[in-house]
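J.: Using only what follows, build the 3D model:
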Amino acid sequence: MDSLPAPRLLRHTPGTIENLSANAAHRFAAQHALVHYASGAVFTFIPKNACTSLRVSLALANGVIADPADWGWVHQNNTTFSATLSELARASRTAVVLRCPFSRLVSTFLDKIVSRDREFWALHRLSRDTIDPDTLTFRQFVDWIGRPGFFRADIHWRPQVDFLVYAHYDDVFSMADLTGFATCFSASTGQAFVDARPLSGHATSSYAASQGGCHADTPLLTLLLDKSKGLLPRPQDLYDAPLIAQVRRLYAKDLELYLDLIGPKGLLFPQAEDLA
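T.: Predicted coordinates:
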């Protein structure tokens, strides 16, 4: 008789005594663990980490949409494929995409905040209307989200470590290796991976670079006008030394996770000791 596979250890349950239904950290991570029903493969989705592409590809693989043109379905069905405890335990393969925390935060700011999407207005309400929609800067944005009650208020800047449901994943990819993740997804599900960035318009990499120099203190209105002209700052141009240090502190666990599982490759600001 073949031996049974080793159990898949969950990340947020060892050392706890509470009922699993009351374990908020596990419940949050499990909501973002999406299952492919035919194969049992489980993929964790993390906002700003190719998450729309993953969800569109999975919707096709699970047979709920017939064409990538129907990609908008996924935004009303974030948790439709959330894995049950049984599906988490029996997963045939597990995979996740991680992203440089510095780059992910910039992507959130340029996509959701500069465009004044609902995430901006939710932040605005959370600040009790203190934030000025015209003058907010990236530096001020980082300061706001670092305050108590703000850091986990939105999934687009919530730390990546919160989304991980397993202690260990079979496959971990960086955003720089989406080709590798696409190959993993296709091998696991039999469905070709669909890059949905051209469909959703969320990618900021397609914009031309704004005029050089640091844009940490460029007001939102200026950035919005530039964006309407097809211009955005490069990720590195939104940072100066104090902001790098501030984000490094805020996202210390994400940086530790990234370095542990991927290494310094792909980090916007690797420390010298990371490259040794």
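J.: my read: residue 92 touches residue 39, true?
T.: Yes. Residue 92 is within contact range of residue 39, at 5.4 Å (criterion: Cβ atoms under 8 Å). All C-beta spots, glycine's among them, are computed from the backbone N, C-alpha and C.
J.: Give the residues shared as contacts by these two.
T.: By Cβ atoms under 8 Å, 6 or more residues apart in numbering, residue 92 and residue 39 have these common neighbours: residue 188.
J.: Spell out, range by range, the helices that occur in the stretch 51-200 of the chain.
T.: Using DSSP state H, counting those that start in this stretch, the helices assigned to the stretch 51-200 of the chain run over residues 51-61, 85-89, 101-108, 118-126, 138-145, 178-189, 197-200.
J.: Can you tell me which of those is nearest to residue 215?
T.: Among the helices of the stretch 51-200 of the chain, the nearest to residue 215 by Cβ to Cβ is helix 138-145 (6.9 Å).
J.: Including distance to residue 207, mean pLDDT and mean neighbour count, could the helices of the stretch 51-200 of the chain go into a markdown table?
T.: Below are the helices of the stretch 51-200 of the chain laid out as a markdown table (distance: least, Cβ to Cβ, whole Å; pLDDT from 0 to 100; neighbours: other Cβ atoms under 10 Å):
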| stretch | distance to residue 207 | mean pLDDT | mean neighbour count |
| --- | --- | --- | --- |
| helix 51-61 | 18 | 96 | 24 |
| helix 85-89 | 38 | 97 | 15 |
| helix 101-108 | 11 | 97 | 23 |
| helix 118-126 | 18 | 96 | 15 |
| helix 138-145 | 15 | 98 | 20 |
| helix 178-189 | 19 | 96 | 18 |
| helix 197-200 | 12 | 76 | 14 |
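J.: Centre of the chain to the lowest-mean-pLDDT helix or strand in the chain, how far?
T.: Lowest by mean pLDDT, DSSP states H and E among the helices and strands of the chain is helix 197-200, with a mean of 76. Relative to its parent chain, helix 197-200 has a centroid offset of 16 Å by Cα atoms, centre = their mean, to the nearest Å.
J.: counting contacts, what elements does it pack onto?
T.: helix 51-61 (3 or more Cβ pairs under 8 Å, 6 or more residues apart in numbering; DSSP states H and E).
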